[in-house]
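> Quick one: sequence and predicted model below, then my questions.
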Amino acid sequence: MTERMTGAQALVRALEQVGVDTVFGIPGGAILPAYDPLFDSRQVRHVLVRHEQGAGHAAQGYAQATGKVGVCMATSGPGATNLVTPIADAYMDSVPIVAITGQVASGAIGTDAFQEADIGGITMPITKHNFLVTDPADIGRTIAEAFHIASTGRPGPVLVDIAKDALQKEVDFVWPQPMQLPGYRPAIRPHAKQIREAARLLTTAKRPVLYVGGGVIKARAADELRTLAELTGAPVVTTLMAKGALPDSHPLHMGMPGMHGSVGAVGALQQSDLLVALGARFDDRVTGRIDTFAPDAKVVHADIDPAEISKNRHADVPIVGDCRDVLTDLITAVRNEHAAGRKGDHEDWWRQLSAWRETYPLGYETPADGSLAPQQVIQRIGQIAGPDALYVAGVGQHQMWTAQFIGYERPGAFINSGGLGTMGFAVPAAMGVKQGRPDTTVWAIDGDGCFQMTNQELATCAIEGIPIKVAVINNGNLGMIRQWQTLFYNERYSNSDLQSRRIPDFVRLAEAYGCVGLRCDSAAEVDATINKAMEINDVPVVIDFIVHHDAMVWPMVAAGTSNDDIKIARDLAPDWGNDD
Ligand SMILES: Cc1ncc(C[n+]2csc(CCOP(=O)(O)OP(=O)(O)O)c2C)c(N)n1
Ligand SMILES: [Mg+2]
C-alpha cells in the first residue's frame, strides 16, 4: 500500500493498521496536526481526558484489561511532562503502552521554543524505548516498531515523540514496513538443561514454594501455573501484581507475601528450602531485609528479562524465558522426574503451612465506636460484585485491604499501581479498564487522598459513557501515612489529616460531575448501598464510605526489617511453631 498523505494522516493510518481502537489524550499546539485526521478515523476513538496523567493511567488500565497495547497522546512540553508519572508507573509494572507526544518543529528543537521539553531525555530511564521522529517517512515504521517493542518480551512503555513539521509535511505512506530493530530479540526459549535442573530441585526439595509474580499474568500462564502447582503439590504465593494467577480459593494458595502479606505466605517464603520465582522480581516490599530473606532457600528464578535474574537475590538456577514456556517445559520435566520415581514428599511442610494458615487467617476488628470498618466495606464489594468483576485500587491502606479482602479467582481481576505506588491511579485506570471491557463491572476502590488527585476524570467517564463504580474509602486521612506515624513516629500526625469528611463533599462532587453520588456510614447500610450502585449502569457512581479514621493494615513487616519480624497486630508477633 502506497499513498500520498501528510505525516499526521500517516500516523493515524499506522495506528489503524496496528489495530488501535482507543486513544486517550488532550490536544495542544505541537500535536494538533494529528488531531485533524484523527477526527475522521472510523476505527480509532479518541477519549478526551481532563488531565494527561489520566490519559496515561487510562491507557495502562485499558492495556491490562484487554491484553492489548494502551495508547495515550499529548502535546509537547507540559502535555508530555504530565505523562511522566503514568509512563514511570507502566515501566515499573511492565505495562505495554505507547505514548505519542507532539514535539516542537524540528528546526526549533534545542532553542527553548514555546512548550519545548526534551521528553525523550526526561523519559529515557522510564521507557523501554523512545523515539524522536523528525522525518515523516519514519512515522509508519516507528509506530509499528513502538507497538512491537511495547508488547513483546517484557512489556513496557514506549514513547514516540513526533516533531510538528513531520506531522505537517507530505509523505508516501507505505504499509507494511519492515521493522529495523537489530539486536532486539525478546523471544528466548528457556534452556532445557536449566529446566531439568529446576524440575530435579522441585521434586527433591522438602519445603518448596512457587513464588509467583506479575509476569505469570502477563504471559497468560495461569492454567500452566495451576497444572504445575497441582502436579508438585507445592504451595503458591501470589504477589500484589499476581493476584488471581492462582485462584485465592485454591487449596495450594497461601496468599500474598510481603509487607502486608499473610503470615502463611511470609512464613512459607522464609522457611522454604526452594523458591521457584516465576515472573517475580524480589521486590523489597516482598523480601523485607534482603539479607535475612528466605535464608535456607535455593533459588530457581525464571523471568523473560535477563536483567532481573540475580538482581536482588542470587539465582542458583537462572532461567530466561516467557513464563508460559517455562511453565510448560517445567510441567513436562516434572512429569519425567515423577516417571523416574522421584516425587517430593511435602507432608511435613503442609502440616506446618496449614497450621499457619489456620492460626493466622486475615481478619480485622470491628471498631468499638460503632463506625464502619473499611475492610468490611471492601470485603462486601468483593462478595456482591463477585469474581467476574474487575477491581482497580488507588495507593494506600485501601489498596492493601483490596488485595487482602477481595477473593480473586481470575488472572487480571485486580489492577493496581504496584511498583511505583502512584496515588491517583484508580479512577483513570478504571476508566481505561471499563473502556476496554465495557460489558464487565468495574470497581475503583480509592482512598480519599488518592481520589482528590485525579477525580476530574469522572467528567470524562460521565461524558464519554464509561460507567465505572467508585468506592471512596473515606477515613479522612492519608491513612497509610497515619499508620506509619502511629507506629514509627510516636503518633505525631504531621500533615496526614485531610479533614476530607465534607471538604470536598464527595457526593456533591460526584453529582457535579454528572455521576450518581451515594453516602454510607454505617455497617447496616453497606449492602444496600453497594447493591444500589450495582443497579446503576448508565452513569458512573461514587460511594462515599465514611469509615473509621484509625484502622490499620495487618499483618505488617516494617520497612527495612526482616520478614521474620512480621507483626499481626501492634507489638504482636506470630508464633512460628517450630523449635529450630
Ligand atoms: C503521588 C503520591 N504521592 C504520595 C504518596 C505517598 N503516599 C502513599 S499512601 C498515601 C496515603 C494515601 O491516602 P488515601 O488515598 O486517603 O488512602 P488510605 O491510605 O487512607 O487508604 C500517601 C500520601 C504516593 N504513594 N503517591
Ligand atoms: Mg484515606
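Okay, I see it. Residues are numbered from 1 along each chain as shown. Ligands and ions are numbered 1, 2, ... in the order given.

> what are the phi and psi values for Leu48?
When read as degrees, to the nearest 10, the backbone of Leu48 gives phi -80, psi 110.

> again with Thr6
Backbone torsions for Thr6, taken as degrees, to the nearest 10, come to phi -80, psi 160.

> Ok, Ala302 next?
phi -110, psi 130.

> That one - how many residues pack around it?
Neighbours of Ala302 under the rule other CB atoms under 10 Å: 32. Using the backbone N, CA and C atoms, a C-beta is placed for each residue, glycine as well.

> And it, how far from ligand 2?
37 Å (CB to the ion, to the nearest Å).

> go on, Gly432?
23 Å.

> Can you say which helix or strand has that residue in it?
Using DSSP states H and E, Gly432 sits in helix 426-436.

> Also Ala90?
According to DSSP H and E, Ala90 maps onto helix 84-92.

> what's the next secondary structure element after that helix?
Downstream of helix 84-92 (by DSSP H and E), the next one is strand 97-103.

> which secondary structure elements does that next one contact?
helix 32-38, helix 52-66, strand 70-74, helix 78-81, helix 84-92, helix 139-151, strand 157-163, helix 164-168 (3 or more CB pairs under 8 Å, 6 or more residues apart in numbering; DSSP states H and E).

> Provide a list of residues in contact with Glu3.
Residues in contact with Glu3 (CB atoms under 8 Å, 6 or more residues apart in numbering) are Asp172, Phe173.

> Just the closest residue of the stretch 251-400 of the chain to ligand 1, please.
Gly396 (2.5 Å; CB to the nearest ligand atom).

> how near is that residue to ligand 2?
In this view, Gly396 and ligand 2 are 6 Å apart by CB to the ion.

> just checking, Phe114 touches Ala105?
No - counting by CB atoms under 8 Å, Phe114 stays clear of Ala105, with 10.7 Å between them.

> hang on, the earlier thing: now the helices and strands packed on strand 97-103 as CSV including distance to Ala302, mean neighbour count and mean pLDDT?
Listed next are the helices and strands packed on strand 97-103 as CSV, based on distance: least, CB to CB, whole Å; neighbours: other CB atoms under 10 Å; pLDDT from 0 to 100:
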stretch, distance to Ala302, mean neighbour count, mean pLDDT
helix 32-38, 41, 20, 98
helix 52-66, 21, 30, 99
strand 70-74, 26, 30, 99
helix 78-81, 36, 21, 98
helix 84-92, 20, 24, 99
helix 139-151, 20, 24, 98
strand 157-163, 23, 28, 99
helix 164-168, 41, 23, 98
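
> between those, which gets nearest to ligand 1?
When the helices and strands packed on strand 97-103 are compared by CB to the nearest ligand atom, helix 84-92 sits nearest ligand 1, at 7.2 Å.

> in the stretch 151-300 of the chain, which spans are strands?
Using DSSP state E, counting those that start in this stretch, the strands of the stretch 151-300 of the chain run over 157-163, 170-174, 208-212, 236-238, 253-255, 274-278, 298-303.

> would you list the ones you listed in JSON lines and tack on distance to Thr142?
Shown next, in JSON lines, are the strands of the stretch 151-300 of the chain (distance: least, CB to CB, whole Å):
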{"stretch": "strand 157-163", "distance to Thr142": "6"}
{"stretch": "strand 170-174", "distance to Thr142": "12"}
{"stretch": "strand 208-212", "distance to Thr142": "35"}
{"stretch": "strand 236-238", "distance to Thr142": "37"}
{"stretch": "strand 253-255", "distance to Thr142": "43"}
{"stretch": "strand 274-278", "distance to Thr142": "33"}
{"stretch": "strand 298-303", "distance to Thr142": "28"}
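
> Kindly report the residues of the protein close to ligand 2.
Contact residues, the chain versus ligand 2 (CB under 5 Å from the ion): Gly447, Asp448, Gly449, Asn475, Asn477, Gly479.

> Ligand 1 next: which of the residues you listed are close?
By CB under 6 Å from any ligand atom, the members of these lying near ligand 1 are Gly447, Asp448, Gly449, Asn475, Asn477, Gly479.

> In strands, which of the residues you listed appear?
Judged by DSSP state E, these include Gly447 as members of strands.

> if you skip the residues just before and after it, what's nearest to Thr292?
The shortest distance from Thr292 to any non-neighbouring residue, by CB to CB, 6 or more residues apart in numbering, is to Ser562 (3.8 Å).

> Please name the bridge partners of the one you found.
Note on Ser562: beta-bridge partners by DSSP bridges are Gly288.

> what about the residue positioned nearest the centre of the chain, distance to Ala524?
Against the mean C-alpha coordinate of the chain, by CA atoms, centre = their mean, the closest residue is Asn416 at 4.1 Å. Distance, Asn416 to Ala524, using CB to CB, to the nearest Å: 29 Å.

> same check, this time on Ala302
In terms of CB to CB, Ala302 sits 49 Å off from Ala524.

> Equivalent analysis for Asp575, please.
Asp575 is 37 Å from Ala524, by CB to CB.

> Name the residue in the two with the higher neighbour count.
Asp575 (11 against 8).

> how about the nearest residue to that one, chain neighbours excluded?
Thr359 (7.7 Å).

> and the one you found, how many neighbours?
The burial count for Thr359: 13, using other CB under 10 Å.
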